[in-house]
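K.L.:
next one to model:
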Amino acid sequence: MKLGRLLAEANAGNGGLALIGGEAGVGKTRLVQAVAGDVTAREFRVLVGRCYEIEAAPPYTPFVEILEGVLASALSPEAFRELLGDDAPEVAKLLPRLRRMFPDIPPPLELPAEQERRYLFNSLADVIARTATTEPLLLVFDDLHWADEGTLQLVEHLAQRLPGLPVLAVGTYRDTEVTPTHRLARPLENLLRQHLAEQINLQRLPRKDVAALLRGLSGQQPPPALVAAVHAQSQGNPFFAEEVFKHLAEEGRLYGEDGLFRDEVVIAELDVPRACVSYSAGVWSASANTGAERWPPPLSWAGPSPTSSSKRSASCRPMPSSTHSMPPNRPG
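P.N.:
Just a heads-up that it's a prediction; the model follows:
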């Protein structure tokens with residue numbers, strides 16, 4: 001597994017950046033969660049920064065959340081202040097409340113715009129490097145397709161420092177949204193061309209893996225008819241496959257009185273809501289626009305959870321007849 005190799009290299013002091021791409025619901029965030037749970041046992045510190053689909057989002061939001069995670073896990077405010085060192089004035093630009101916590105922080109240097117930005121980037125990279133001196137880090141940048149330009153530039157800058165640090169950074173993004181004019185397109189191309197990142201593309205599940213998913217959800221071997229039907233309806237998208245299964249189970253239409261699967265399960269007879277059907281005639285369903293990639297963050301992830309206005313939880317439940325399908329170029 002490529003992520004496993006990258007983690008081992010980061011643990012040995014040779015970090016890097018992995019970029020995980022795929023459509024909504026294909027399992028990018030869940031994969032990172034699984035890795036995060038594993039590396040926590042290896043004494044990595046997991047810090048997560050998220051990008052949000054909101055207008056006029058504050059710049060550098062993922063880095064703000066990562067810094068808030070470092071502050072929240074610090075042994076004491078004094079220890080965090082010591083960690084910041086001479087970079088405190090720059091970090092305080094992203095976390096203004098630090099000036100209330102630490103009145104000794106001097107004002108930032110007055111520099112030309114381009115030089116000021118580079119000074120900020122160097123300071124943040126230095127703070128991350130010092131944070132990694134006590135334990136290796138797994139930095140997660142979730143939903144980079146929604147990142148602002150400053151965040152993407154800072155990720156590029158940080159990627160140049162990672163090979164000498166015990167830090168693995170992992171970014172997720174919806175490759176279906178990254179057109180040639182998308183602001184992630186250029187940084188993605190630069191990072192890959194300069195060999196500063198490794199790309200991981202997640203694909204939909206084949207039928208045998210949908211069978212394994214249903215077996216894991218139910219604790220028993222699913223009948224071939226159910227596997228075929230769920231795979232056909234979800235087209236192998238893990239999120240939709242799971243939501244179709246959950247809906248059918250909640251409707252009481254999967255199991256017989258003995259608690260075992262019914263011999264024959266036909267999706268068309270079970271009234272699967274339109275919101276659970278992933279694609280039809282080349283269009284995304286309504287559920288594909290509800291943030292299907294979002295899974296509940298594990299307890300070890302630092303930073304605040306998304307607000308209801310910025311991330312909408314997905315649910316495949318019966319939808320009113322007025323629900324509209326979304327065009328294929330607007331995945332969730």
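K.L.:
run the chain-centre distance for stretch 139-158.
P.N.:
Relative to its parent chain, stretch 139-158 has a centroid offset of 12 Å by CA atoms, centre = their mean, to the nearest Å.
K.L.:
what segments of this protein are strands?
P.N.:
Along the chain, counting by DSSP state E, strands occupy 16-22, 45-50, 137-142, 167-174, 198-201, 279-280, 283-284.
K.L.:
quick one: closest of the ones you listed to residue 94.
P.N.:
Closest approach to residue 94 among the strands of the chain (CB to CB): strand 45-50, 11.0 Å. (Each C-beta comes from the backbone N, C-alpha and C, glycine too.)
K.L.:
adjacent strands (with direction) for that closest one?
P.N.:
strand 137-142 (parallel) (DSSP bridges).
K.L.:
and the strand it pairs with, average pLDDT?
P.N.:
The average pLDDT within strand 137-142 is 96.
K.L.:
give me the residues contacting that strand.
P.N.:
Outside strand 137-142, the residues that touch it by CB atoms under 8 Å, 6 or more residues apart in numbering are 7, 10, 29, 32, 35-36, 39, 44-51, 62, 66, 128, 131, 147, 151, 155, 166-172, 301.
K.L.:
need the strands of the chain in a markdown table (columns: distance to residue 112 and mean neighbour count).
P.N.:
Formatted as a markdown table, the strands of the chain follow (distance: least, CB to CB, whole Å; neighbours: other CB atoms under 10 Å):
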| stretch | distance to residue 112 | mean neighbour count |
| --- | --- | --- |
| strand 16-22 | 29 | 23 |
| strand 45-50 | 28 | 24 |
| strand 137-142 | 28 | 26 |
| strand 167-174 | 28 | 26 |
| strand 198-201 | 35 | 15 |
| strand 279-280 | 50 | 14 |
| strand 283-284 | 45 | 18 |
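K.L.:
do you know which of the ones you listed lies nearest residue 257?
P.N.:
strand 279-280 (33.6 Å).
K.L.:
any chance of the strands of the chain in TSV, with distance to residue 213 too?
P.N.:
As requested, the strands of the chain are exported to TSV (distance: least, CB to CB, whole Å):
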stretch	distance to residue 213
strand 16-22	16
strand 45-50	25
strand 137-142	22
strand 167-174	20
strand 198-201	19
strand 279-280	18
strand 283-284	21
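K.L.:
what is the burial count for the residue nearest to residue 205 when sequence neighbours are not counted?
P.N.:
Distances taken as CB to CB, 6 or more residues apart in numbering put residue 236 closest to residue 205, at 4.3 Å, once the chain neighbours are dropped. Residues lying near residue 236 (other CB atoms under 10 Å) number 19.
K.L.:
surely residue 236 meets residue 211?
P.N.:
No: counting by CB atoms under 8 Å, residue 236 stays clear of residue 211, with 11.4 Å between them.
K.L.:
now do stretch 8-25, average pLDDT.
P.N.:
Rounded mean pLDDT across stretch 8-25 is 92.
K.L.:
what about it, distance to the chain center?
P.N.:
That offset, for stretch 8-25, works out to 12 Å (CA atoms, centre = their mean).
K.L.:
and that stretch, end to end?
P.N.:
Terminal residues of stretch 8-25 are spaced 28 Å apart (CA to CA, to the nearest Å).
K.L.:
residue 232 and residue 209, how far apart?
P.N.:
Distance, residue 232 to residue 209, using CB to CB, to the nearest Å: 14 Å.
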